[in-house]
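Peer 1: turn this into a structure:
(one chain, ligands or ions: 3)
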Amino acid sequence: MVITLTILVILGSGASEGIPALNCRCESCQEAKRMPIAKRMPTSILVLSKVNFLVDVGFDVMNKIGDLDLEFILLTHWHPDHYSGLFRLRWSSRPISLYAPKEGLIDEFKREPRNLKLKFVQPYETFEHEGIKITPIPLIHKIETLGYLIDDGNARIAILFDGRGPSNRDVDLIRSFGTNLALIDATNHPNFYDPNHNNIDEAIEIGRRVKASLTVLTHIAHHNMPFAELTSYVRKFEGIVLAYDDMVLHL
Ligand SMILES: [Zn+2]
Ligand SMILES: [Zn+2]
Ligand SMILES: [Zn+2]
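Peer 2: Residues are numbered from 1 along each chain as shown. Ligands and ions are numbered 1, 2, ... in the order given. Now for the predicted structure:
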């Protein structure tokens with residue numbers, strides 16, 4: 001019997017500083033020191049599907065994935081909290097494909113990619129890897145940033161971090177994609193305007209319009225509400241939950 005199952009593991013659900021941030025005494029960081037579930041590593045996702053792949057690679061990813069057989073990596077953008085794990089992953093003993101936007105490419109990976117096979121991708125140009133169809137979607141951020149619509153034949157997943165948006169037109173596209181699971185940037189506190197990120201209320205609104213079966217808010221900064229308070233704020237909205245590190249989702 002063929003079992004069709006897609007498993008998504010949230011390896012990290014924080015912004016670049018992580019929670020607790022070093023030497024920080026804000027409420028979120030204090031809470032994380034008392035309550036381990038409130039700790040957040042920078043945002044990275046592991047997907048176990050027909051083949052295993054990562055979306056973004058924060059600083060400590062290798063400590064979490066161990067010697068798992070990894071087939072490819074999708075990079076949303078070239079900011080350190082999303083690419084730093086590549087410094088170690090490039091030592092893979094066999095080639096692995098790294099799909100990424102071209103703008104912002106770090107010289108070190110141009111000069112010495114080792115076993116990372118760099119493939120630049122463009123918004124709306126669907127590509128396929130081992131039967132998994134992937135369509136990049138632009139997000140608004142300081143540098144070129146791509147979300148990804150992923151269809152592995154079993155589940156349809158929309159990765160929408162880190163950045164502001166997607167645009168109204170792309171929200172319609174994601175709704176018509178028939179999304180089972182959407183992961184949306186919710187970096188900031190409600191009412192906080194940031195040209196490069198969503199706040200919690202904006203992310204909830206996008207989640208409602210995308211109409212995914214489940215929406216998970218992620219890329220949470222320490223200056224957002226503390227974990228327990230934010231969890232109870234988000235739970236009022238049906239079909240929308242707050243990410244936490246090591247959260248496992250079955251599709
Ligand atoms: Zn980030
Ligand atoms: Zn803090
Ligand atoms: Zn960024």
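
Peer 1: and residue 94, how many neighbours?
Peer 2: Residues lying near residue 94 (other CB atoms under 10 Å) number 8. Just so you know, the C-beta spots here come from the backbone N, C-alpha and C atoms, and that holds for glycine as well.

Peer 1: what residues are up against it?
Peer 2: Going by CB atoms under 8 Å, 6 or more residues apart in numbering, residue 94 touches residue 115.

Peer 1: does it belong to a helix or a strand, and which?
Peer 2: Element membership for residue 94, per DSSP states H and E: none, as it lies in no helix or strand.

Peer 1: per-residue pLDDT, the residue in the stretch 51-200 of the chain positioned nearest to ligand 1?
Peer 2: Of all residues in the stretch 51-200 of the chain, the one sitting closest to ligand 1 is residue 162 (3.9 Å; CB to the ion). pLDDT for residue 162: 94.

Peer 1: quick one, phi/psi of it?
Peer 2: Dihedral pair for residue 162: phi -100, psi 150, per degrees, to the nearest 10.

Peer 1: look up which residues are beta-bridged to residue 97.
Peer 2: Using DSSP bridges, the beta-bridge partners of residue 97 come out as residue 72, residue 117.

Peer 1: what's the burial count for it?
Peer 2: Count around residue 97 with other CB under 10 Å applied: 17.

Peer 1: what do you get for the one 4 residues further on?
Peer 2: Residues near residue 101, counting by other CB under 10 Å, number 20.

Peer 1: residues contacting the closest residue to it other than its chain neighbours?
Peer 2: In this structure, residue 101 finds its nearest non-sequential neighbour in residue 144, 4.5 Å apart by CB to CB, 6 or more residues apart in numbering. The contact partners of residue 144, by CB under 8 Å, 6+ apart, come to 77, 101, 102, 103, 104, 138.

Peer 1: if you set the cut-off to 7 Å instead, what comes out?
Peer 2: For residue 144, the contact set (CB atoms under 7 Å, 6 or more residues apart in numbering) comprises 77, 101, 103, 104.

Peer 1: which of the residues you listed ranks first by neighbour count?
Peer 2: That'd be residue 77 among the contacts of residue 144, by other CB under 10 Å, with 23 neighbours.

Peer 1: and that residue, helix, strand or coil?
Peer 2: coil (DSSP: H, G, I helix; E, B strand; the rest coil).

Peer 1: same question for the one 4 residues further on.
Peer 2: Three states are possible here, and by three-state DSSP the one that applies to residue 81 is helix.

Peer 1: these two touch, right, it and residue 16?
Peer 2: Yes: using CB atoms under 7 Å, residue 81 is in contact with residue 16, at 3.6 Å.

Peer 1: and the two? which has more neighbours close in?
Peer 2: residue 81 (23 against 18).

Peer 1: quick one: pLDDT of that one?
Peer 2: pLDDT, residue 81: 96.

Peer 1: so who does it touch?
Peer 2: 15, 16, 42, 58 are the contacts of residue 81 under CB under 7 Å, 6+ apart.

Peer 1: one more pass at 6 Å, please.
Peer 2: 16, 42, 58 (CB atoms under 6 Å, 6 or more residues apart in numbering).

Peer 1: tell me the SS of the residue in the stretch 151-251 of the chain positioned nearest to ligand 2?
Peer 2: Proximity of the stretch 151-251 of the chain to ligand 2 (CB to the ion) peaks at residue 222, 3.5 Å away. Secondary structure, three-state DSSP: residue 222 is coil.

Peer 1: now the nearest residue to it once chain neighbours are set aside. Its backbone dihedrals?
Peer 2: In space, not counting the residues next to it along the chain, residue 222 is nearest to residue 28; the distance is 4.5 Å by CB to CB, 6+ apart. Note on residue 28: its backbone torsions stand at phi -60, psi -40 [degrees, to the nearest 10].

Peer 1: give me the element residue 157 is part of.
Peer 2: strand 156-160.

Peer 1: packing partners of that strand?
Peer 2: Applying 3 or more CB pairs under 6 Å, 6 or more residues apart in numbering; DSSP states H and E, one finds that strand 156-160 contacts strand 145-151, strand 181-185.
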